[in-house]
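Chemist: Structure for this input, please:
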Amino acid sequence: MAVKIRLKRMGKIRNAQYRIVVMDSRNKRDGRAIEEIGIYQPKTNPSIIRVNGERAQYWLGVGAQPTETVVKILKLSGDWQAFAGTDEPSGIAPQPEKADKLAAFNKALAEADDEPGSGAITSRKKKAEDEAPADAEAEGAASDEA
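Modeler: Numbering: from 1, shown residues only. Below you'll find the predicted structure:
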């Protein structure tokens, strides 16, 4: 049996999420897998990559052939270097802490308290009042001519 380590697509239509799976090469892309050894979510910022290194090493040692994309993912996680015996550094950076949106909003709100609230905004009533006298003068001039 030809065993491959490849990606199995999951998720919604425009939100692709993948599982790194070990399966028979003759099965469908999203078919039944022998084992799931990791996840890959490219749409998040930064991408989420989690690989069970122990199981990946086992399947590589037994002869499972990874696809090109999975090799790149394994290089990022450092499992490919461990399998091949090279000293290349792995490339996964730790996930940064998410910014607190509420704190940023409160900070911006506190900074905006000192500034005028409607400096660049004109209300529709003011605009209508400004146009009304000009229209009245035009009507008055038109009635004088008649």
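Chemist: average model confidence for the helix or strand containing F105?
Modeler: Assigned by DSSP states H and E, F105 falls within helix 101-112. Helix 101-112 shows a mean pLDDT of 85.
Chemist: Three-state assignment for the residue nearest the centre of the chain, please.
Modeler: For the chain, the residue nearest the mean C-alpha position is T44 (3.2 Å; Cα atoms, centre = their mean). With DSSP: H, G, I helix; E, B strand; the rest coil as the basis, the three-state label of T44 is coil.
Chemist: With G38 instead?
Modeler: Of the three states, G38 takes strand under three-state DSSP.
Chemist: What's the separation between it and R6?
Modeler: With the distance defined as Cβ to Cβ, to the nearest Å, G38 ends up 11 Å from R6. Any C-beta I mention is one placed from the backbone N, CA and C, and that applies to glycine too.
Chemist: Which parts of this structure are helices?
Modeler: Counting by DSSP state H, the chain has helices at residues 53-62, 68-77, 79-84, 101-112, 124-145.
Chemist: Okay, buried residues for stretch 31-51 please.
Modeler: Buried residues in stretch 31-51, counting neighbours by 16 or more other Cβ atoms under 10 Å, are found at A33, I34, I37, G38, I39, Y40, Q41, I49, V51.
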